[in-house]
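coordinates only, sequence not included:
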């Protein structure tokens, strides 16, 4: 049975959606009426899929999505009244798998969730592995091995390594890495990339030599 998180501040709608999913007998359902409660649930529970509103009390849905994506590759569906193009694009940019605009059909929402779960299960069976030298990265499990040992990485270091390995041999500048790892809205210094590269190399030990600095260009893995 799949575990789903539904985050919605409209009590009537939250009850409607959660009861519908429970009635199908295929889901264990957790609910949150605001973003802060959602973050609390995410920190202590693994989910197979999540449905998020955007306009929430406290932490908004975009931030909840980023927090969830930082620790899990579970499918994320935005269910919101915000239907303009900018919000839709932002939703996909930060990691959403589906974006539905209210009003909506419960049956269609349920069907989309099942399709996402089936696709995720099929991808897990394929067990995609990214490799570079003796570094192995398992995207679906969010696990990394280096020199035959399991390496524990903070979310930013993990996604930084993932982006570099997906572009093996290609030089990625700091601005590009900021867009891909920190998001288009990041407004800090591009030197944050350098500090995370140092942390990543340190965590990888001798295998960290695979990450090369290209003077005036950026970084690449070889």
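It's in. Just so you know, these numbers come straight off a predicted model, no measurement behind them.

Please make it C-alpha for all contacts and neighbour counts, starting now.
Fine.

what about the residue nearest to residue 173 when sequence neighbours are not counted, distance to residue 128?
Leaving aside its sequence neighbours, residue 173 sits nearest to residue 218 (CA to CA, 6 or more residues apart in numbering; 4.1 Å). Distance, residue 218 to residue 128, using CA to CA, to the nearest Å: 27 Å.

Measure how buried the residue nearest to residue 173 is and give me the count.
Using other CA atoms under 10 Å, residue 218 has 18 neighbouring residues.

how about the helices in this structure?
11-23, 35-44, 61-69, 85-93, 106-126, 155-166, 174-177, 192-204 (DSSP state H).

one step back: and the residue nearest to residue 173, bridged to which residues?
Note on residue 218: beta-bridge partners residue 214, judged by DSSP bridges.

cool, and residue 4?
Beta-bridge partners of residue 4, as defined by DSSP bridges: residue 29, residue 49.

For it, give me its contacts.
27, 28, 29, 30, 47, 48, 49, 50, 51 (CA atoms under 8 Å, 6 or more residues apart in numbering).

Just the pLDDT at the residue lying closest to the second one once chain neighbours are set aside, thanks.
This means residue 28. Distances taken as CA to CA, 6+ apart place residue 3 nearest to residue 28, at 4.6 Å, with adjacent residues excluded. Looking at residue 3, its pLDDT is 91.

Likewise for residue 40?
On the pLDDT scale, residue 40 gets 92.

what's the domain layout of this protein?
Listed domain ranges for the chain are 2-126, 130-221 (source: automatic domain parsing).

Can you flag the weakest of those domains by average pLDDT?
If you rank those by mean pLDDT, domain 130-221 sits at the bottom with a mean of 88.

ok so, going back, so which of the contacts of residue 4 is surrounded by the most neighbours?
Once you tally neighbours by other CA under 10 Å, residue 51 ends up highest among the contacts of residue 4, having 25 neighbours.

before we move on, back to that, for the helices of the chain, which one sits closest to residue 135?
helix 192-204 (8.3 Å; CA to CA).

Could you report the neighbour count for the residue nearest to residue 28?
For residue 3, the neighbour count with other CA under 10 Å is 15.

just the one 4 residues further on next, same as before
Residues lying near residue 7 (other CA under 10 Å) number 26.

Contact partners for it?
With CA under 8 Å, 6+ apart, residue 7 has these contacts: 14, 31, 32, 33, 34, 35, 38, 50, 51, 52, 53.

Go through those residues and name the one nearest residue 133.
residue 50 (35.3 Å).

The closest one contacts residue 18, doesn't it?
No - the pair residue 50 and residue 18 does not pass the contact test of CA atoms under 8 Å, sitting 11.6 Å apart.

which neighbours do these two share?
Taking CA under 8 Å, 6+ apart as the contact rule, residue 50 and residue 18 both touch residue 6.

what residues are up against the residue nearest to residue 28?
Neighbours of residue 3 in contact, by CA under 8 Å, 6+ apart: 27, 28, 29, 30, 46, 47, 48, 49.

Mind telling me the two of the residues you listed farthest from one another?
Farthest pair in these, by CA to CA: 27 and 46, 13.5 Å.

thinking again about what came up before, in contact with the residue nearest to residue 173, which residues?
Contact partners of residue 218, counting by CA under 8 Å, 6+ apart, are 171, 172, 173, 174.

Could you report the neighbour count for the second one?
So that's residue 172. By the criterion of other CA under 10 Å, residue 172 has 20 neighbours.

And it, how close does it get to residue 208?
Distance from residue 172 to residue 208, by CA to CA: 17 Å.
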